[in-house]
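# Starting from these lines, generate the structure:
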Amino acid sequence: MSHHFDCGDCDKPLKLDTSLTRLNQSQLNLITNSLQNEEFIKNDNEQLQDLDPKDYITTDKLKLYNELPKNSKPIFYKSYFESEDEDSEEEENEDNDDNDLIGFKSNSNSDIDSYLVVNENESIKNDPNPSIDELQDYEIKISTRIKKLNKIFKILSNLQETQHPLSEDCANLLIENYKLKFDQSQKEKNQYLNFLKKLKIQDQKLNINDEKINELEIDKNLKNSISEYQNLKELESSKLKELKELEIKKSNLEIQLQKNEKELENINNNELSNLLRLRNEFQLNLSDKQTELNQLKASYQIHLDHLDQLRKTNIYKTMFNIKIDEKYGTINGYRIGYKIVWPEINAALGQIVILLTFITKRLNLKLKNYKLVPMGSQSQIIKFTNSTSESSSTKQKTILNLYSSDEFTLGRLFNFNKLDISLITLLEIILIIEKELIKLDNEIELPYKIFKDTIGGKSIRVTSNSEWTQSCKILLTNLNWILTFIEAHTE
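Numbers count the residues shown, from 1 in each chain. Here you go, the predicted model:
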């Protein structure tokens, strides 16, 4: 054979043994088929482990498959995962060669497994002039045999961890490695056997003690099992009672469920319209109530606004409306001053007395020597004076009229009038109120100072004529200022 092979381990060129070169084609096919079957069995078993025959077999064939004996093995394995179209030309050549070899074997009456010496080199050499067909047949036979040998080596390489073919040195090394592994496994086997013997001896000793312990445990377990059996019987009886009660409850609930279902049907059929009518009525009532609620909210908001306005209004200024014009000062619409009719002046003085009475009550001020008597246009001031004598001391009461009828009196001839005395007394009361206000606030000070019968440097006497008008305006200004202060600092 002209083709040479290299070692799969050391890449050394090899010379095949004559036993391989002397094999005929049928023997080569038999070797490859047996090796292929082993490889296919191994691969198919790995790949078909997760497959179910129902997934790839029809129902008719599946029945036949189930009727087959389970332990039977096929004569020839075929891989379902190998392509069916590979090496078609090679198989045809191999079949032709096999037919030639079979014809040769039939003529020689030899067995398949026997060694048949086929030396093509000698047959060619014996023929001095070989034909072209004989040369072609010879080359085909040589190529098919080389392919078969390559296939055998590939299959052997797939089945083992080593790459075939091997040289003699590599084969000897492989054999030595396998021998070492075999010796190591034998030593491990002997060690495990010795350990197993020791364990058996220990188990025999322990079994004797365990038998005695087991007898005691069996007695205890028997007693425990008897008691458990009795407990279980009692438990069974109680559970049976509970089961009966639950069954009765179940039957009652089923009856109740049927009643409820009937009621639900009646409601769905008959009472649904009534419910819709009631819903519409409720919606109408709700809309009416909503409108009423909106009206109440609006009125509530109006009252709140009114209340805010009332809170903002000054009750003191409303009760005592004091205004100062260019000519006269007025209180609640009544003027006071020179060349004003006396009824209007008397009314204005009466309003001043009412204002002073209100101020003293707000300040909780008690006038010891004075008493205000508000009587409208005929108001009075009562003045108390202490009169001392040798035997006792008494208080004298003097009534001062804070009004005038413009009658002729002797005092007017001397530029003095009874109303002047009343107005001076009025200024004294205002001075007492000022002192009380200073107690509330040390920094307070009236806009216009009062000194005896003058206020702001102007005489309060009626007989002062035009100057009296200015003093009345200043008096009303001080009273307005006192009223504002009391509003801010008292509750």
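
# was I right about Leu365 contacting Ile433?
Yes - counting by C-beta atoms under 8 Å, Ile433 is a contact partner of Leu365 at 6.7 Å. To be clear about C-beta, it is placed using only N, CA and C from the backbone, and glycine gets the same treatment.

# who's more crowded, those two?
Just comparing Leu365 and Ile433: by other C-beta atoms under 10 Å the higher neighbour count belongs to Ile433, 20 against 15.

# Next, the more buried one: secondary structure please.
With DSSP: H, G, I helix; E, B strand; the rest coil as the basis, the three-state label of Ile433 is helix.

# what about it, distance to Leu284?
Per C-beta to C-beta, to the nearest Å, Ile433 is found 66 Å from Leu284.

# for Gln295, same thing?
Gln295 is 17 Å from Leu284, by C-beta to C-beta.

# From Tyr328, how far off is Glu263?
Glu263 sits at a distance of 91 Å from Tyr328 (criterion: C-beta to C-beta).

# Looking at these two, which one has more neighbours?
Tyr328 (20 against 11).

# So that one is in contact with Lys473, correct?
Yes - with contact defined as C-beta under 8 Å, Tyr328 counts as touching Lys473 (7.0 Å).

# Quickly list what's touching both of those two.
In terms of C-beta atoms under 8 Å, 6 or more residues apart in numbering, Tyr328 and Lys473 are both contacted by the residues Gly337.

# the strands in the protein, which residues?
5-6, 13-14, 322-324, 329-331, 334-336, 370-373, 380-388, 393-401, 450-451, 454-455, 458-459 (DSSP state E).

# Would you report the backbone torsion angles of the residue nearest to Leu419 when sequence neighbours are not counted?
In this structure, Leu419 finds its nearest non-sequential neighbour in Ser404, 4.7 Å apart by C-beta to C-beta, 6 or more residues apart in numbering. Main-chain dihedrals, Ser404, degrees, to the nearest 10: phi -150, psi 150.

# pretty sure Ser404 contacts Leu423?
No - if you go by C-beta under 8 Å, Ser404 and Leu423 don't touch, sitting 10.4 Å apart.

# list residues touching both of the two?
Common neighbours of Ser404 and Leu423 (C-beta under 8 Å, 6+ apart) are Val462.

# Can you spell out the domain ranges of this structure, please?
Domain assignment of the chain by automatic domain parsing yields the ranges 5-166, 169-313, 316-489.

# can you put those in a markdown table and add mean pLDDT?
Listed next are those as a markdown table, based on pLDDT from 0 to 100:
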| stretch | mean pLDDT |
| --- | --- |
| domain 5-166 | 59 |
| domain 169-313 | 86 |
| domain 316-489 | 85 |
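
# among those domains, which is the most enclosed?
domain 316-489 (a mean of 16; mean count of other C-beta atoms under 10 Å).

# biggest helix in this protein by residues?
helix 168-266 (DSSP state H).

# now that helix, how far from the chain's geometric center?
Distance of helix 168-266 from the chain centroid (C-alpha atoms, centre = their mean, to the nearest Å) equals 45 Å.

# Any figure for the gap between Asp453 and Ser464?
9 Å.

# nope, Leu372 is what I was after
Distance, Leu372 to Ser464, using C-beta to C-beta: 24 Å.

# With Gln380 instead?
Distance from Gln380 to Ser464, by C-beta to C-beta: 23 Å.

# and what of Gln184?
Taking C-beta to C-beta, one finds Gln184 at 148 Å from Ser464.

# What of Ser237?
125 Å.

# Same question for Glu271.
98 Å.

# repeat for Ile432
Distance, Ile432 to Ser464, by C-beta to C-beta: 24 Å.

# same thing with Tyr370?
Counting by C-beta to C-beta, the gap from Tyr370 to Ser464 is 23 Å.

# next one: Pro447
20 Å.

# you'd agree Lys383 is up against Thr425?
Yes - in this structure, Lys383 is within contact of Thr425 by C-beta under 8 Å, at 5.9 Å.

# joint contacts of the two?
With C-beta under 8 Å, 6+ apart, Lys383 and Thr425 have common neighbours 370, 400.

# Can you tell me, leaving aside adjacent residues, what's nearest to Val373?
Looking at Val373 with C-beta to C-beta, 6+ apart, the closest residue is Gln380, at 4.2 Å.

# Spit out the contact partners of Gly8.
Contacts of Gly8 (C-beta under 8 Å, 6+ apart): 153, 157, 162-166, 170.

# From Ala347, how far off is it?
In terms of C-beta to C-beta, Gly8 sits 144 Å off from Ala347.

# Also Lys312?
Taking C-beta to C-beta, one finds Lys312 at 29 Å from Ala347.

# same check, this time on Ile315
Per C-beta to C-beta, Ile315 is found 21 Å from Ala347.

# ditto for Tyr338
16 Å.

# repeat for Lys371
21 Å.

# what does Leu68 give?
Distance from Leu68 to Ala347, by C-beta to C-beta: 140 Å.

# How about Leu402?
With C-beta to C-beta as the criterion, Leu402 and Ala347 are 11 Å apart.

# How about Asp9?
145 Å.

# likewise Trp481?
22 Å.

# Hmm, Lys418 and the residue nearest to Val373 touching each other?
No - taking C-beta under 8 Å as the definition, Gln380 is not a contact partner of Lys418, at 11.5 Å.
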